[in-house]
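K.L.:
This is the structure alone, sequence omitted:
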């Protein structure tokens, strides 16, 4: 199943392909009552409902996207959700936009049932976006510290690509910004560059095999945390 996302473009399809792979890799974690923290347009709703019984999107009223949240709430503050009600909580590309990230992690632990899973994705080597609401970048050590502080004992962190994926996507985003516009010349240049974008994103995973420590130079991190029973 290819997950539809409004941000998936010619220059960045590789990152969404990696997200799709990791989402599917964690399919045994999605069950029962699933909450999506920072859901935005809820692009993953139908995917999650293949595995979970219910889906509840949570987001704030000031979202950049046309939010489809079931619960309007600020993730920087205590949430209007009872304790021990969620079997799974997911939060994709959200933590960097929170000025009080520890609050959301603490609330996730409180809301999860014992034995429940928390699936988190954060950027690392990524440009500043959704300004001015872009506050932090996280290392694996920082993530483990914050999650353990919230109460999570079992934490697995995976890199999302390696050095070459990170560098190629950075280059693609830079080029995309430079050829963005209605000027006929820019449109022509964009048409010329699109094959380059497809080729370098196809090549990046093969080049990443040269990177023996992808945790150090990566687009971001995928986290699987479990609330111990």
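P.N.:
On my side now, so go ahead. Everything numeric in this text was worked out from a predicted model, so none of it was measured. Residues are numbered from 1 along each chain as shown.

K.L.:
When you work out contacts or count neighbours from here on, use the C-alpha atoms and nothing else.
P.N.:
Will do.

K.L.:
ok, residue 222 - contacts?
P.N.:
22, 119-122, 157-160 (C-alpha atoms under 8 Å, 6 or more residues apart in numbering).

K.L.:
the helices in this protein, which residues?
P.N.:
Here the chain has its helices, by DSSP state H, at 13-25, 45-48, 101-111, 140-150, 163-178, 184-207.

K.L.:
Does residue 104 touch residue 75 like I think?
P.N.:
Yes. Shown here, residue 104 and residue 75 form a contact pair, counting by C-alpha atoms under 8 Å, at 5.6 Å.

K.L.:
Comparing those two, which residue is more hemmed in?
P.N.:
residue 75 (25 against 22; other C-alpha atoms under 10 Å).

K.L.:
follow-up on the earlier one: would you list the helices of the chain in CSV and tack on distance to residue 223 and mean pLDDT?
P.N.:
As requested, the helices of the chain are exported to CSV (distance: least, C-alpha to C-alpha, whole Å; pLDDT from 0 to 100):
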stretch, distance to residue 223, mean pLDDT
helix 13-25, 10, 94
helix 45-48, 17, 95
helix 101-111, 12, 98
helix 140-150, 9, 97
helix 163-178, 18, 96
helix 184-207, 20, 96
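
K.L.:
what's around residue 98, how many residues?
P.N.:
Around residue 98 there are 19 other residues, counting by other C-alpha under 10 Å.

K.L.:
Could you figure out how far the top strand by length along the chain is turned away from helix 140-150?
P.N.:
In terms of residue count, the longest strand belonging to the chain (DSSP state E) is strand 112-123. Strand 112-123 runs at 160 degrees relative to helix 140-150, counting by axes from the mean of the first three to the mean of the last three C-alpha atoms, to 10 degrees.

K.L.:
The closest residue to residue 213 other than its chain neighbours and residue 137, how far apart?
P.N.:
Computed as C-alpha to C-alpha, 6 or more residues apart in numbering, the closest residue to residue 213 that is not its neighbour in sequence is residue 162, at 7.7 Å. Going from residue 162 to residue 137 by C-alpha to C-alpha, to the nearest Å gives 16 Å.

K.L.:
again with residue 51
P.N.:
31 Å.

K.L.:
ditto for residue 226
P.N.:
The separation that residue 226 has from residue 137, given C-alpha to C-alpha, amounts to 22 Å.

K.L.:
Looking at the two, which one has more neighbours?
P.N.:
The residue with more neighbours, out of residue 226 and residue 137, is residue 226; 24 against 17, by other C-alpha under 10 Å.

K.L.:
Tell me both backbone torsions, phi and psi, for residue 214.
P.N.:
Main-chain torsions, residue 214, degrees, to the nearest 10: phi -70, psi -20.
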